[in-house]
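A.B. asks: Sequence and predicted structure below; questions after.
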Amino acid sequence: MMTKRVKEILSHYPGENAGVLTNLARMMMSGRLAGTGKLVILPVDQGFEHGPGRSFAVNPPAYDPAYHFQLALDAGCNAYAAPLGFLEAGAAEFAGAIPLILKLNNHDVLHDEKDPVSSQTGTVKDALRLGCAAIGYTIYPGSSGSRAMYEQLRDLAQEAKSHGLAVVVWSYPRGSDISKEGETAIDVVAYAAQIAAQLGAHVIKVKAPSAHIELAEAKKAYEKSKVPIETLPQRISHVVQSSFNGKRIVIFSGGATVGDEQLLAEIKGIHEGGGFGSIVGRNSFQRPHDKAVELLGKIMSIYAS
Amino acid sequence: MMTKRVKEILSHYPGENAGVLTNLARMMMSGRLAGTGKLVILPVDQGFEHGPGRSFAVNPPAYDPAYHFQLALDAGCNAYAAPLGFLEAGAAEFAGAIPLILKLNNHDVLHDEKDPVSSQTGTVKDALRLGCAAIGYTIYPGSSGSRAMYEQLRDLAQEAKSHGLAVVVWSYPRGSDISKEGETAIDVVAYAAQIAAQLGAHVIKVKAPSAHIELAEAKKAYEKSKVPIETLPQRISHVVQSSFNGKRIVIFSGGATVGDEQLLAEIKGIHEGGGFGSIVGRNSFQRPHDKAVELLGKIMSIYAS
Amino acid sequence: MMTKRVKEILSHYPGENAGVLTNLARMMMSGRLAGTGKLVILPVDQGFEHGPGRSFAVNPPAYDPAYHFQLALDAGCNAYAAPLGFLEAGAAEFAGAIPLILKLNNHDVLHDEKDPVSSQTGTVKDALRLGCAAIGYTIYPGSSGSRAMYEQLRDLAQEAKSHGLAVVVWSYPRGSDISKEGETAIDVVAYAAQIAAQLGAHVIKVKAPSAHIELAEAKKAYEKSKVPIETLPQRISHVVQSSFNGKRIVIFSGGATVGDEQLLAEIKGIHEGGGFGSIVGRNSFQRPHDKAVELLGKIMSIYAS
Amino acid sequence: MMTKRVKEILSHYPGENAGVLTNLARMMMSGRLAGTGKLVILPVDQGFEHGPGRSFAVNPPAYDPAYHFQLALDAGCNAYAAPLGFLEAGAAEFAGAIPLILKLNNHDVLHDEKDPVSSQTGTVKDALRLGCAAIGYTIYPGSSGSRAMYEQLRDLAQEAKSHGLAVVVWSYPRGSDISKEGETAIDVVAYAAQIAAQLGAHVIKVKAPSAHIELAEAKKAYEKSKVPIETLPQRISHVVQSSFNGKRIVIFSGGATVGDEQLLAEIKGIHEGGGFGSIVGRNSFQRPHDKAVELLGKIMSIYAS
Amino acid sequence: MMTKRVKEILSHYPGENAGVLTNLARMMMSGRLAGTGKLVILPVDQGFEHGPGRSFAVNPPAYDPAYHFQLALDAGCNAYAAPLGFLEAGAAEFAGAIPLILKLNNHDVLHDEKDPVSSQTGTVKDALRLGCAAIGYTIYPGSSGSRAMYEQLRDLAQEAKSHGLAVVVWSYPRGSDISKEGETAIDVVAYAAQIAAQLGAHVIKVKAPSAHIELAEAKKAYEKSKVPIETLPQRISHVVQSSFNGKRIVIFSGGATVGDEQLLAEIKGIHEGGGFGSIVGRNSFQRPHDKAVELLGKIMSIYAS
């Protein structure tokens, strides 16, 4: 049964068509966190983004596309996100089992650039044909190619929405003008979330922010207004605020594999700060299935608390 | 969790894309009968087909579009089917609550004909925009206008499938060459189910058949092969057989309001004969909400047994 | 300032895009009745529908397109509706002065038929170019050509909505199967309102209904459920109910010129029965400007009360 | 390996694109008669054309779509032809097992007419999507609706050929001006074959002709030129001649179920007269599987001799 | 007859339409390796890619397009792949003799670049017109032009699949960031296979990998997980694993002409490692016809063992 919290979140998208709302609801009403308004999503695009050996050698069953559908299902995730090939290979077998997000663009590291631009590797029609609830798209604010990405997203989001699909945007600051530290700076992450929201994203995915401030003008403003950014919950709260004052679903990536303690502490911080959830890739599929289910279970328990 | 029976039914649609399978699964995995492979669907097109007073005066809250979404939800139906206006008026409010079927064609009785042809009142794009799981379409085999309907269905079904939507066909024999009794004759109903299946329907809705045989050539064949059609279960079984040997979902209409005893006896017969379920309109929304929920509950209990 | 009542009415169109809501709001927030949720609209299509002499000879200034813009403005109407030519001739001069409705189809009596089908004489693009708030479209339920009209409306309404325009449907039962008396029969008018609503109309215009019941099956239902239809307010109330339980704006035509007393009495009945307003053509432009402003003022006073 | 005879037959379609030739070759190089230039095709459209009970009650496993694929395969047919629903239900499971022909139009007998026009129930795109080698289309020369059929065939054949599909035309004279006896008259059958060939058919299917001559002018000509039509081989030879002097593949229908002796005698006559083969529906699927395989085996042995 | 192994391979493409499955089956059920699930394909695009003299002077009959069809046929290859011109010149003559793959893009060395992008030289419609079973497309992961290629492949693959054609992707890492040695590095080849699979390829062609590891991050991962890559079978096995755990058909190129001993040893390694077969160009057409048939025969014998 639809909960009050899910209805409240849906009310933040007034004027959006029923198809989009239905698909947002589907993601929020699936899995172990169904109805809480929190989401834990399994994303597996690393085969494309980083290469298969680097991604799956540590847990060889993960070479198999069916593995990830099953893992997301067993763990009770809200949705599973992947590129075209991985979804085509399993969507019929797992039809109706879990909401799917087709990642419409992807980037490999065989040709790596300072200012990367992903390739569009799937279409809105593919997403419909595969029974997806949403499209996913990655932008790199800060890249000299950001205009190409913003404009491609504009077209894809418009097409997706008019066909009733939700739009999930991965917003990862990268590019020749941003320092490595700056990619997770609080001002930059908040800015990236805002850009995704302004581009019409329904769900935004960013990295958990550090206390570093990258941009000089931002630094002045943060200090003048004494924006609290010392603790992770404070920073999460600022990113949520920057996502239309909490009116857009914003979730955080688990990032590279780290110790479980550290990861769970971060999740607690995200939850405490009002984050809507996590998207946990490498920390889940790069360990044995049962260990992954166990870890995702702990993460969900935090969000359910 | 997807059940073995639902997976078995989905396996009858090999080569169908994952979107269609997902939406078939959605209908079979919703409501009280989720997972049983049986369906009870609430259809409300009578406002258009028969007029509002004739349909709703007996239970005035039913004039309100929201009433039917709520009724279908409260009763635990697998899906709710209605024309454009009724779905547009409630789909956003009830987003994600219950699978929807947009009836793409409708017919009114202000201009009534011996050989009726419905008007196409919605589009596949509307169905997507409203977050529907399927399109619905009515054909009148036996009407001199059947060609126009079959061909319109062909185009709409192709468009729907390529966009991942399931196709539900109401197949109601009517027309100048068919007697009133013939409209529910066992040979005619079985024929109507077969035509819908051959036209590519995923789900077929027909009327519960009588023991009458309408067509002379059919009569000879039925008698020669001693097709058992004396009891309702036998007749249902024959219609299921005629729907690709049970490889297409075929459900039966409750028809005009009758006594509950009689209706429940009929449901038992449908269940016993292997029918996939019922589509219950007037017998549900033309009585007070709680009575309707009670009756639908009894119907579902039979199918769940 | 947007009123509570207008907001309530807009809430009956959930999932509708902001453009459509904006244009519905524009009509409800213009003129003397702004904010009341009541509408008095000036329609002038009689030049096309009945011929110029028959329409304007009695008040020659009305031959001039600018006359009607000015009249609607002077009287404080919510909107002005006319065919392409009349709007093209004045929309630029009166830009921003009053919401406009472009009537997209029209019918003349030089070629008259028992089962009329209007011609599409304007497009959604015309409506946008002319700055209109809505498109208008006439259907004749009961005509053997109703299928052509319903299907054309489906396409135009979809296009209009996707471009943010509201959809106003004139629903006038006519055709070889309906008696003259039947055209305003309570069951037929309620049915016509329902059909327009199911076809996705935002605003419905019907004739004020008589107590006559045309259809045998309807008669049985009305009598069985004792639907009160003796007084005009009761009948209006039934038509409002038949328009999605009051969730669609339904307004009533003034019809042929009658005595003012009689007309105002009818308006009182419409108001008392919960009607959303009137569309007053011949009773306004077929009398001198000041008399028309006076009469429309009296009508608005009733609705404002 | 491609045989000399198959290459010779293909040489009768010079200038035809390689796709069409490939698909013609596929049909001639499949099954037990592969390479002989003879074809025995299993067609199962009777569920649609005559109704399911009348078609399948005598051999209930035939209600199942998979049954016919398997039968065609077990018997070693060159191809299997059926309407959309039957092919959709099995084409993926039997992918690559046997060449398929999608019958693009179909007709039911619930609304039967003196001058029948079939409905287009599938498209060229469906045929491609289902992996078919050819489209099938039925024309009724002699029907007052023949123009609609010829022109629809023109469009479909053009589209099919440009996409590399072969075109199979069922040419069945029927209509208000043709006597029952005339439908199989030698002059009429030869004429029907010629019309199909002139319409661009690659493969033509007609009924085995009787010695009756229907048309007065034809009678004169046949008698004047002493066209030999007494024996079946003579008549078959005349039909083959009428199909571009044997440069179009022309095959003959088995017609209604008759005694096997009689059927095999007819096959011998077709073979002797130079016919290219048979299309055997009811005589195969209306008997038990093994009996059907046996009969089809006997038929193929005749053609292979 | 379809074998168990071929059915198993087809089952790895669930939800794919019957047309695609049929064409995959056609390639796997043709030639000497029919039914084994192994493929040896003859590709001849070197006339375009390297120039005619460099390609054919060593064996002048190979200048003739018909030569290669006949060679593929005589050797019992599963399919023959070539650019538009070569196929147009022979597809009609060899219609039905062997499955064809139209290579849709090609690149010449008259204008050579560090970061090459091939030209699209044929269309999906050409492939249909020519009776092909599949389209072929080359991507150069690592090229700065990879985005243009991935996106063009996305569109062509979608169009091909919807028309029932299989998609074969040549995935050859090349570009300014990749060392010559890196082009066949195990991590890079596995990555190239993964990218092709994620882009929706049904069949993937890569070069046989060396034990070199190109990317620093990959090196760490391979060493950490102790991925065995010392022997060719181990490396092949890793590439198969990287192609969706063996759920995508991955075949290996014979590369430049080498001694036959060395080539056959490599084929044994590919076979032992679970590779699906080979695509042998220069090693076959750059020697006399009979020698080529002999060598291909030896290769097939290994795969058939």
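C.D. replies: The structure has been received and is ready for your questions. Residues are numbered from 1 along each chain as shown, chains lettered A, B, ... in the order given.
A.B. asks: Can you tell me which residue of the stretch 201-305 of chain A sits closest to chain E?
C.D. replies: A:Gln286 (9.7 Å; Cβ to the nearest Cβ). For glycine as for every other residue, the C-beta is placed from the backbone atoms N, C-alpha and C.
A.B. asks: Name all residues that make contact with that residue.
C.D. replies: A:Gln286 makes contact with A:Ser55, A:Phe56, A:Val58, A:Asn59, A:Ala62, A:Thr257 under the criterion Cβ atoms under 8 Å, 6 or more residues apart in numbering or on different chains.
A.B. asks: Give me the pLDDT value at the residue nearest the centre of chain A.
C.D. replies: Centroid-nearest residue in chain A, with Cα atoms, centre = their mean: A:Lys205, separated by 3.5 Å. Note on A:Lys205: pLDDT of 98.
A.B. asks: Please name the bridge partners of it.
C.D. replies: A:Trp170, A:Ile251 (DSSP bridges).
A.B. asks: pretty sure A:Ile302 contacts A:Lys268?
C.D. replies: Yes: checked against Cβ atoms under 8 Å, the pair A:Ile302 and A:Lys268 is within contact range at 5.6 Å.
A.B. asks: that older thread, so how far is chain D from the closest residue to the residue of the stretch 201-305 of chain A closest to chain E other than its chain neighbours?
C.D. replies: Computed as Cβ to Cβ, 6 or more residues apart in numbering or on different chains, the closest residue to A:Gln286 that is not its neighbour in sequence is A:Val58, at 5.0 Å. Using Cβ to the nearest Cβ, to the nearest Å, A:Val58 is found at 36 Å from chain D.
A.B. asks: How many neighbouring residues does A:Val58 have?
C.D. replies: 18 (other Cβ atoms under 10 Å in any protein chain shown).
A.B. asks: Over to A:Lys298?
C.D. replies: 13.
A.B. asks: wait, what's in contact with it?
C.D. replies: Contacts of A:Lys298 by Cβ under 8 Å, 6+ apart are A:Asp260, A:Leu264.
A.B. asks: pretty sure A:Glu151 is in a helix, no?
C.D. replies: Yes: A:Glu151 sits within a helix when classified using DSSP: H, G, I helix; E, B strand; the rest coil.
A.B. asks: So which of the contacts of A:Gln286 belong to helices?
C.D. replies: Taking DSSP state H as the definition of helices, the contacts of A:Gln286 contribute A:Ser55, A:Phe56.
A.B. asks: What subset of the contacts of A:Gln286 is buried?
C.D. replies: Neighbour counting with 16 or more other Cβ atoms under 10 Å in any protein chain shown marks A:Ser55, A:Phe56, A:Val58, A:Asn59, A:Ala62 as buried within those.
A.B. asks: which bits of the stretch 51-200 of chain A sit near chain C?
C.D. replies: Within the stretch 51-200 of chain A, the positions near chain C by Cβ under 8 Å from any Cβ of the partner chain are A:Ser162.
A.B. asks: can you pull out the strands in the stretch 51-200 of chain A?
C.D. replies: Ranges of strands in the stretch 51-200 of chain A, per DSSP state E, counting those that start in this stretch, are A:79-82, A:100-103, A:105-106, A:119-120, A:134-139, A:166-171.
A.B. asks: Do the first one and chain B come into contact?
C.D. replies: No: between strand A:79-82 and chain B, judged by Cβ under 8 Å from any Cβ, nothing touches; the nearest distance is 12.7 Å.
A.B. asks: So what touches that strand?
C.D. replies: A:27, A:30-31, A:39, A:41-45, A:65, A:68-69, A:72, A:98-103, A:133-134, A:136, A:168, A:279.
A.B. asks: same thing with stretch A:237-248?
C.D. replies: Contacts for stretch A:237-248 (Cβ under 8 Å, 6+ apart): A:12, A:186, A:189-191, A:193-194, A:196-197, A:201-204, A:206, A:209, A:227-229, A:249-250, A:273-276.
A.B. asks: Go through stretch A:294-305 and flag the buried ones.
C.D. replies: Under 16+ other Cβ under 10 Å, the buried positions of stretch A:294-305 are A:Leu295, A:Leu296, A:Ile299, A:Met300, A:Ile302, A:Tyr303.
A.B. asks: CA-only coordinates of it, as CSV, when you get a sec.
C.D. replies: Extracted in CSV, the C-alpha atoms of stretch A:294-305 (Å, rounded to 0.1, in the frame of the first residue of the first chain):
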residue,chain,number,x,y,z
GLU,A,294,24.5,-9.1,4.2
LEU,A,295,26.1,-5.7,3.7
LEU,A,296,23.2,-4.3,1.7
GLY,A,297,20.9,-5.6,4.4
LYS,A,298,22.9,-3.6,7.0
ILE,A,299,22.7,-0.5,4.8
MET,A,300,18.9,-0.9,4.4
SER,A,301,18.5,-1.4,8.1
ILE,A,302,20.1,1.9,8.7
TYR,A,303,17.8,3.6,6.2
ALA,A,304,14.7,1.8,7.6
SER,A,305,15.5,3.0,11.1
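A.B. asks: Minimum distance to chain E, which residue of the stretch 1-150 of chain A gives it?
C.D. replies: Closest point on the stretch 1-150 of chain A to chain E, by Cβ to the nearest Cβ, is A:Ala92, at 2.8 Å.
A.B. asks: now the helices for chain A?
C.D. replies: A:4-10, A:18-28, A:46-49, A:52-56, A:65-75, A:84-88, A:124-129, A:146-162, A:186-198, A:216-224, A:232-242, A:260-272, A:282-285, A:289-304.
A.B. asks: I'd like to know the average pLDDT value across the fourth one.
C.D. replies: What helix A:52-56 shows for mean pLDDT is 96.
A.B. asks: That helix packs against which elements?
C.D. replies: helix A:46-49, helix A:282-285, helix E:186-198, helix E:216-224, helix E:232-242 (3 or more Cβ pairs under 8 Å, 6 or more residues apart in numbering or on different chains; DSSP states H and E).
A.B. asks: How about the contacts made by the residue of the stretch 51-200 of chain A found nearest chain C?
C.D. replies: Nearest to chain C, among the residues of the stretch 51-200 of chain A, is A:Ser162, at 7.4 Å (Cβ to the nearest Cβ). With contact set as Cβ under 8 Å, 6+ apart, A:Ser162 has these partners: A:Asn17, B:Lys125, B:Arg129, C:Ser162.
A.B. asks: Point out where chain A drops to low pLDDT.
C.D. replies: A:255-257 (pLDDT under 70).
A.B. asks: ok, 90 please
C.D. replies: A:1-2, A:15, A:111-114, A:176-177, A:254-259 (pLDDT under 90).
A.B. asks: which parts of it sit against chain B?
C.D. replies: Checking chain A against chain B by Cβ under 8 Å from any Cβ, the hits are A:2, A:6, A:10, A:16-26, A:28-29, A:87-88, A:91-92, A:95-97, A:125, A:128-132, A:162-164.
A.B. asks: Quick check: A:Gly277 touching A:Leu39?
C.D. replies: Yes: counting by Cβ under 8 Å, A:Gly277 sits close enough to A:Leu39 to count as a contact (3.7 Å).
A.B. asks: so what's in contact with those two at the same time?
C.D. replies: Residues touching both A:Gly277 and A:Leu39 by Cβ under 8 Å, 6+ apart: A:Leu33, A:Asn78, A:Ile249, A:Ile251.
A.B. asks: out of those residues, which is most surrounded?
C.D. replies: Going by other Cβ under 10 Å, A:Asn78 tops the shared contacts of A:Gly277 and A:Leu39 with 28 neighbours.
A.B. asks: Excluding chain neighbours, what is closest to the closest residue to chain D within the stretch 51-200 of chain A?
C.D. replies: Here the stretch 51-200 of chain A gets closest to chain D at one residue, A:Ala92, 10.2 Å apart by Cβ to the nearest Cβ. Distances taken as Cβ to Cβ, 6+ apart place E:Gly15 nearest to A:Ala92, at 2.8 Å, with adjacent residues excluded.
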